[in-house]
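# Sequence first, predicted model second:
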Amino acid sequence: MAERCGWCGQEPLYVAYHDTEWGVPEHDSRALWEKLILDGFQAGLSWITILKKRENFRAAFAGFEPDVIADWGAEEVERLLADPGIVRHRGKIEATIANARAWREIEAREGFDRFVWAYVDGAPLQNRFATMAQVPAQTPLSQQISKDLKKAGFKFCGPTIVYAFMQAVGMVNDHIVTCPAHDRVAALAARGA
């Protein structure tokens, strides 16, 4: 019997995210950056909290256009701290602006998509976990990516956040093997989607 990954529960928004987005290989540089930022905002919170606020985040953060956000300063930080539709955490907001600047440098040099996907040689890692208990919170690879992102100027990108990002953008397929999405995501990876 097919069994969906248990972390999404029965919440329709969560189930839809699990079924259509989580683990699907993402190669758009801006979308990758957005997911890394949202995973940073999740630190200390549940993903469903961020998911429910995602459209508010997109409105507040100029559609997550890093080239726009990179030029923001104190005025925008104060505006965001007053926005009840997002997570109002000064450190995370300031980190988003710093991360936009770091993204812009990587994007200009090599492309953010190439930068992150190079860690897996452009092909998603295919795990075959039978239960969610087997799925790690971080790996040596997420530790290395975290270290490299921090070296490039990123903040709020520890190895656990980076591993959640890797799962979300399909760098690693961590759908459990009984989940209908496991084989579907693996097939997308095989086709180079």
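On my side now, so go ahead.
# For E110, which residues are in contact?
Residues near E110 by C-beta atoms under 8 Å, 6 or more residues apart in numbering: none. (Glycine included, C-beta is placed from N, CA and C.)
# And the contacts of the lengthiest helix in the chain?
Longest helix of the chain, by residue count under DSSP state H: helix 90-109. Contact with helix 90-109 is made by 29, 33, 36-37, 40-41, 43, 61, 66-70, 72-73, 76-77, 80-81, 112, 115, 149, 152-157, as judged by C-beta under 8 Å, 6+ apart.
# Extract the C-alpha set from it and format it as CSV.
Provided in CSV are the C-alpha atoms of helix 90-109 (Å, rounded to 0.1, in the frame of the first residue of the first chain):
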residue,chain,number,x,y,z
ARG,A,90,15.5,41.1,12.6
GLY,A,91,18.3,38.7,12.2
LYS,A,92,16.6,36.7,9.5
ILE,A,93,15.4,39.8,7.7
GLU,A,94,18.9,41.3,7.7
ALA,A,95,20.3,37.9,6.7
THR,A,96,18.0,37.9,3.7
ILE,A,97,19.4,41.2,2.5
ALA,A,98,23.0,40.0,3.0
ASN,A,99,22.1,36.7,1.2
ALA,A,100,20.7,38.7,-1.7
ARG,A,101,24.1,40.4,-2.1
ALA,A,102,26.0,37.1,-1.8
TRP,A,103,23.6,35.5,-4.3
ARG,A,104,24.2,38.3,-6.8
GLU,A,105,28.0,37.7,-6.6
ILE,A,106,27.6,34.0,-7.2
GLU,A,107,25.0,34.5,-9.9
ALA,A,108,27.3,36.9,-11.8
ARG,A,109,30.3,34.6,-11.4
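# Counting neighbours, which of the contacts of helix 90-109 end up buried?
Burial by neighbour count, judged by 16 or more other C-beta atoms under 10 Å, picks out 29, 33, 36-37, 40-41, 43, 61, 66, 69-70, 72, 76, 80, 112, 115, 149, 152, 154-157 from the contacts of helix 90-109.
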